[in-house]
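Chemist: pasting the sequence and the predicted coordinates here, then a few questions.
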Amino acid sequence: TRTTRPQRLLRAVIINAVRGDPDSVIRAIDHFCKHTEWAMNIGDEKGAILDSVVMETSPSTVLELGTYCGYSAVRITRLLPPSTRLITVEMNPDYACVARQVIQHAGLQDKVCVLEGQSADLIPKMAEMFGIQTFDFVFLDHWKDRYLPDIRLLEDCSLLAQGSVVLADNVVCPGTPDYLNYIRSNLNYRSRFYQAHLEYTRVLDGLEKSEYLGCRQGKRQ
Ligand SMILES: O=C(NCCCOCn1ccc2cnccc21)c1cc(-c2ccc(F)cc2)cc(O)c1O
Ligand SMILES: [Mg+2]
């Protein structure tokens, strides 16, 4: 097929969503993925959990790892207060290009920075690049074997503050066993699992929400 799936998803947004209306962009993507082509957006069921965690956190600095087509960037950013920005990292330039257009269609382009590159390279430069100290909210949705090294990198770069919330997608499917084992046995985090389903399917999946408690010693025995 000449076009890519992200390009076909973007076309569905342009045709079916109202420009400047984030909720219509979300609905258009979910409709496309339910009725035309599956795509790896967090989706409506897990998306509602994401919404509630964002609202209860009411963050002022937000980092997302794994933009894809911008679906969760739109979901998160539509709930942020006016002065808040989302930084979202995507390593695939074609995905990043589609995501910027989806985010623009939603009218949220002034509140989102889509950064191209690998998390391992970009995380150490975040504080300097954006003049921030810490992230209040981090959403992990990139390579599943990068969740653990990247949470460690965020700790080492002092980018988490007491009360920072880390929400991880796909901890059941495709699964992130090393990350779950680390975060659930680490006294510096209070974690909670939200059972759900893989986007647009009946396959079991879930989200892990972890609150950073500050730097304490030791591991749970
Ligand atoms: O793979 C998934 N996401 C990741 C994409 C690449 O991300 C690469 N990537 C993006 C920034 C970034 C920054 N640094 C390094 C790598 C970086 C992913 C996969 C599935 C899925 C579940 C079942 C299946 F049968 C097939 C697929 C579902 C999901 O919800 C996902 O999120
Ligand atoms: Mg995901």
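Modeler: Looks like it arrived, so ask away. Since the structure is predicted, the reported quantities are computational estimates derived from the model, not experimental observations. Ligands and ions are numbered 1, 2, ... in the order given.
Chemist: ok, and what's touching stretch 170-189?
Modeler: Outside stretch 170-189, the residues within contact range by CB atoms under 8 Å, 6 or more residues apart in numbering are 140-141, 144-145, 147-148, 151, 155, 166, 168, 191, 193, 198, 203-208, 210-220. (Glycine included, C-beta is placed from N, CA and C.)
Chemist: that one: end-to-end distance?
Modeler: Start and end residues of stretch 170-189 are separated by 19 Å (CA to CA, to the nearest Å).
Chemist: which residue ranges form the helices in the protein?
Modeler: Remark: helices assigned in the chain by DSSP state H are 5-16, 22-35, 43-57, 71-77, 93-105, 119-122, 126-130, 147-156, 177-184.
Chemist: with respect to ligand 1, which of these lies nearest?
Modeler: Ligand 1 lies closest to helix 119-122 among the helices of the chain, at 3.7 Å (CB to the nearest ligand atom).
Chemist: does stretch 36-46 come close to ligand 1?
Modeler: Yes: on the criterion CB under 6 Å from any ligand atom, stretch 36-46 is in touch with ligand 1 at residue 40.
Chemist: quick check: mean pLDDT across that stretch?
Modeler: In this model, stretch 36-46 carries a mean pLDDT of 98.
Chemist: give the buried residues for that stretch.
Modeler: 39, 40, 41, 42, 43, 44, 45, 46 (16 or more other CB atoms under 10 Å).
Chemist: nearest to residue 61 among these?
Modeler: Using CB to CB, residue 42 is the member of the buried residues of stretch 36-46 that lies nearest residue 61, at 20.3 Å.
Chemist: where in the protein is pLDDT low?
Modeler: Low-confidence segments of the chain (pLDDT under 70): 1, 217-221.
Chemist: again, 90 this time
Modeler: 1, 81-83, 215-221 (pLDDT under 90).
Chemist: ligand 2 contacts on that one?
Modeler: By CB under 5 Å from the ion, the residues of the chain that approach ligand 2 are 141, 169, 170.
Chemist: excluding its backbone neighbours, what's nearest the first one?
Modeler: Setting aside the residues directly before and after it, residue 141 is nearest to residue 66 in space (CB to CB, 6 or more residues apart in numbering), at 3.6 Å.
Chemist: wait, isn't the one you found in contact with residue 96?
Modeler: No: the pair residue 66 / residue 96 is not scored as a contact, 11.1 Å apart, by CB atoms under 8 Å.
Chemist: which one's more surrounded, these two?
Modeler: Neighbours per residue (other CB atoms under 10 Å) separate residue 66 from residue 96, with residue 66 holding more: 25 against 21.
Chemist: now do the phi/psi pair for the more buried one.
Modeler: Backbone torsions of residue 66, given as degrees, to the nearest 10, read phi 110, psi 80.
Chemist: what residues are up against it?
Modeler: By CB under 8 Å, 6+ apart, the contact set of residue 66 is 88, 89, 90, 139, 140, 141, 142, 143, 169.
Chemist: lovely, talk soon.
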